[in-house]
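K.L.:
sequence and predicted structure are below.
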Amino acid sequence: TRYHLLIDLDIKEAVAYLKMASDQWDDPHAQLKLGQFYRDGKENFPADIDQAIEWYRKATSKGDPVAMFQLANILLDQNNTEEGLKLLEQSSDKEHPQASYQLGMMFWNGEHFSKDPVKAQNFFQKAKRAGMNITAPTQEEINQAIVAFTTVAQVKEQEQLERRRRHPKKSNTKIFLIPLVVVAASVITCLYIFSTKRMRKI
């Protein structure tokens, strides 16, 4: 990155320089680097995860895919699953290979999502297109999992169709007849009371 020369500076000097770059130019690269410094910590510079999140959020708001990916993993570690997954997907949408691979592994293992080798393969292929070399799972393992997954889905669909055939939904006629019976009974009762009163008058 443009701040690679900061490794020659004292960590506190580097942080001061990066904060100046963020203040003056609202630079997402400086904000990303600050997030990393505060996330990892260094000698005489303790890690501060809250500060890391704050700087990552600034870089993320500028659309930085690396910041999205790294912030997503912090939030997932903190069990903030909804926002973490959203950021991971946004990072993948911006062609970040590690984000795509991580989402693929989630669908592969059934972590945070239902197990789905088809979706997993889509994310693996996306990561490959972004330049990532994926060795596991192998394509053979993925193909076998997709065949098994598709077969199970077909069996479940067939079972549902068979259940519907054997147990068709009952008619709702009775539900509509009940209020009609109540109304009819009320009318008959009123007529009876009315006729009784007339007979007494006679």
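P.N.:
All right, it came through fine.
K.L.:
CA only for contacts and neighbour counts going forward, please
P.N.:
Fine.
K.L.:
any idea how far the spatially most central residue of the chain is from N73?
P.N.:
The centroid of the chain falls nearest to L85 when counting by Cα atoms, centre = their mean (4.6 Å). Remark: distance between L85 and N73 (Cα to Cα, to the nearest Å) = 9 Å.
K.L.:
likewise for K115?
P.N.:
Distance from K115 to N73, by Cα to Cα: 20 Å.
K.L.:
ok so, going back, any shared contact partners between L85 and N73?
P.N.:
Residues touching both L85 and N73 (Cα atoms under 8 Å, 6 or more residues apart in numbering): none.
K.L.:
report how many residues lie close to S61.
P.N.:
11 (other Cα atoms under 10 Å).
K.L.:
what's it in contact with, if anything?
P.N.:
Per Cα under 8 Å, 6+ apart, neighbours of S61: none.
K.L.:
same deal with the one 3 residues further on?
P.N.:
With contacts taken as Cα under 8 Å, 6+ apart, D64 has the following neighbours: P28, S91.
K.L.:
could you dump the host helix or strand of A14 to PDB, C-alpha only?
P.N.:
Assigned by DSSP states H and E, A14 falls within helix 11-25. The C-alpha trace of helix 11-25 is given here as PDB (Å, rounded to 0.1, in the frame of the first residue of the first chain):
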ATOM      1  CA  ILE A  11       4.400   2.800  15.900                       C
ATOM      2  CA  LYS A  12       3.200   5.900  17.600                       C
ATOM      3  CA  GLU A  13       4.700   8.100  14.900                       C
ATOM      4  CA  ALA A  14       3.100   6.000  12.300                       C
ATOM      5  CA  VAL A  15      -0.300   6.200  14.000                       C
ATOM      6  CA  ALA A  16       0.000  10.000  14.300                       C
ATOM      7  CA  TYR A  17       0.800  10.200  10.600                       C
ATOM      8  CA  LEU A  18      -2.100   8.000   9.600                       C
ATOM      9  CA  LYS A  19      -4.500  10.000  11.700                       C
ATOM     10  CA  MET A  20      -3.300  13.200  10.000                       C
ATOM     11  CA  ALA A  21      -3.900  11.600   6.600                       C
ATOM     12  CA  SER A  22      -7.400  10.500   7.700                       C
ATOM     13  CA  ASP A  23      -8.200  14.000   9.000                       C
ATOM     14  CA  GLN A  24      -6.800  15.900   6.100                       C
ATOM     15  CA  TRP A  25      -7.800  13.700   3.100                       C
END
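K.L.:
C-terminal to it, what's the next element?
P.N.:
helix 28-40.
K.L.:
just the buried positions in the next helix or strand after that following helix, please.
P.N.:
Note on helix 28-40: by DSSP H and E, the next helix or strand toward the C-terminus is helix 49-61. Using 16 or more other Cα atoms under 10 Å as the test for burial, helix 49-61 gives I49, Q51, A52, I53, E54, W55, Y56, R57, K58, A59, T60.
K.L.:
so K126 makes contact with P97?
P.N.:
Yes. Checked against Cα atoms under 8 Å, the pair K126 and P97 is within contact range at 7.2 Å.
K.L.:
who's more crowded, these two?
P.N.:
P97 (26 against 22).
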